[in-house]
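In: sequence plus the predicted model coming up.
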Amino acid sequence: MDASDVAACWEANAETWTRHARAGYDLYRDALNTPHFMANLPGVAGLTGLDIGCGEGANTRELAEAGAAMTGIDIAPTFIRHAREAEAAAPLGITYRLGDGMDLPFADRTFDFATAFMSLMDMPEQDRVLAEAERVLRPGGFLQFSILHPCFATPFRRVLRDEDGTVLGIEVRDYFRATNGEIETWRFGAAPAHEKAKVEPFKVPRFHLTLSDWVNLVIAAGFTIEHMHEPMIDAETAAREPYLADTRVAPLFLHMRVRKAG
Ligand SMILES: C[S@@+](CC[C@H](N)C(=O)[O-])C[C@H]1O[C@@H](n2cnc3c(N)ncnc32)[C@H](O)[C@@H]1O
């Protein structure tokens with residue numbers, strides 16, 4: 001699958017994705033991924049940052065609220081339109097650009113840091129986006145990103161639950177099978193049934209790599225690995241939102257912070 005097919009999928013997802021994410025149905029993001037990501041982020045107040053694959057901008061806004069001068073970039077025009085509308089309604093000084101993470105429209109050494117929340121694994125050439133992130137960072141700058149966990153979110157993953165819904169385990173297959181845009185279809189699990197029935201499922205092209213592939217790509221792009229994290233939902237939230245309890249058995253996400261040489 002080439003980059004323009006991937007872009008078309010995301011553009012088709014963007015309207016419903018924005019509406020559902022803003023309604024609070026992206027629970028993995030709001031209850032788990034973003035809080036853990038922000039807790040592990042070095043201080044960004046006064047720094048200039050780039051958010052790669054910013055979507056409708058919720059995480060970009062968090063970074064701006066933490067004091068960074070932010071630019072967000074995304075491949076889907078509808079995401080960028082919604083992000084700009086949110087900025088116009090409640091300005092945080094964020095600039096949004098339509099563009100490709102694999103061909104960033106910025107000069108070398110423009111940013112102090114970059115983030116990519118759950119977007120790098122959606123890009124067909126991860127080596128290119130990592131090289132581009134490295135290029136636009138100033139010496140000593142960092143990239144922090146979250147991805148589907150390469151070991152536990154493989155092309156085949158099934159959460160095994162008993163009749164009460166308690167998670168018994170995760171079935172994982174096909175770890176070594178790299179995928180080139182195989183489409184996964186799903187809706188946000190926390191969306192109510194009547195909302196799910198109203199919309200087409202998201203179509204998400206998958207570009208699965210193994211853990212060692214990711215580590216080797218990061219190193220080949222010139223980065224040093226500084227921090228890794230595998231977020232797990234706390235027991236109280238899992239009891240309230242059993243949907244998230246699988247992350248107490250094995251991680252669904254992997255966070256990495258990597259640094260460009262100073
Ligand atoms: C799973 S969504 C995450 C969105 C957002 N970061 C969040 O956490 O809510 C992946 C995002 O990556 C964007 N994306 C995919 N391929 C891209 C590319 N080549 N360049 C820039 N953005 C891309 C999609 O349009 C989508 O907004």
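Out: Now that the structure is in, tell me what you want to look at.

In: buried sites along the helix or strand hosting residue 19?
Out: For residue 19, the enclosing helix or strand under DSSP states H and E is helix 3-22. Neighbour-count burial for helix 3-22 flags 3, 6-7, 9-10, 13-18, 20-21 (criterion: 16 or more other C-beta atoms under 10 Å). The way it works is simple: take the backbone N, C-alpha and C, and place the C-beta from them, glycine included.

In: and for stretch 184-191?
Out: 187-188, 190-191.

In: of all those residues, which two lie farthest apart?
Out: Greatest spatial distance among these (C-beta to C-beta): 187 and 190, at 9.4 Å.

In: centre of the chain to the lowest-mean-pLDDT helix or strand in the chain, how far?
Out: Every helix and strand of the chain was ranked by mean pLDDT, DSSP states H and E. The lowest is helix 193-198, at a mean of 92. Distance, stretch centre to chain centre, for helix 193-198: 24 Å (C-alpha atoms, centre = their mean, to the nearest Å).

In: so where's the longest strand in this structure?
Out: For the chain, the longest strand by residue count, based on DSSP state E, is strand 137-148.

In: what average pLDDT does the very next helix or strand once past it get?
Out: As assigned by DSSP H and E, the chain's next helix or strand after strand 137-148 is strand 156-161. Mean per-residue pLDDT for strand 156-161: 96.

In: what pairs with the next helix-or-strand element following strand 156-161, parallel or antiparallel?
Out: Using DSSP H and E, the helix or strand that follows strand 156-161 in sequence is strand 167-173. Strands that pair with strand 167-173, judged by DSSP bridges, come out as strand 156-161 (antiparallel).

In: show residues contacting the strand it pairs with.
Out: Outside strand 156-161, the residues that touch it by C-beta atoms under 8 Å, 6 or more residues apart in numbering are 167-174, 246.

In: also stretch 225-239?
Out: 31-33, 36-37, 40, 142, 149, 215, 218-219, 241, 244-245, 247-248, 251, 253-259.

In: now that stretch: mean pLDDT?
Out: On average, stretch 225-239 scores 97.

In: quick one: buried residues of it?
Out: 229, 231-233, 237-238.

In: cool, and stretch 60-77?
Out: 60-64, 68-76.

In: rewinding a little: out of the buried residues of stretch 184-191, which comes closest to the ligand?
Out: residue 188 (11.0 Å; C-beta to the nearest ligand atom).

In: wait, the closest one touches residue 20, no?
Out: Yes. Using C-beta atoms under 8 Å as the test, residue 188 is close enough to residue 20 to be in contact (5.1 Å).
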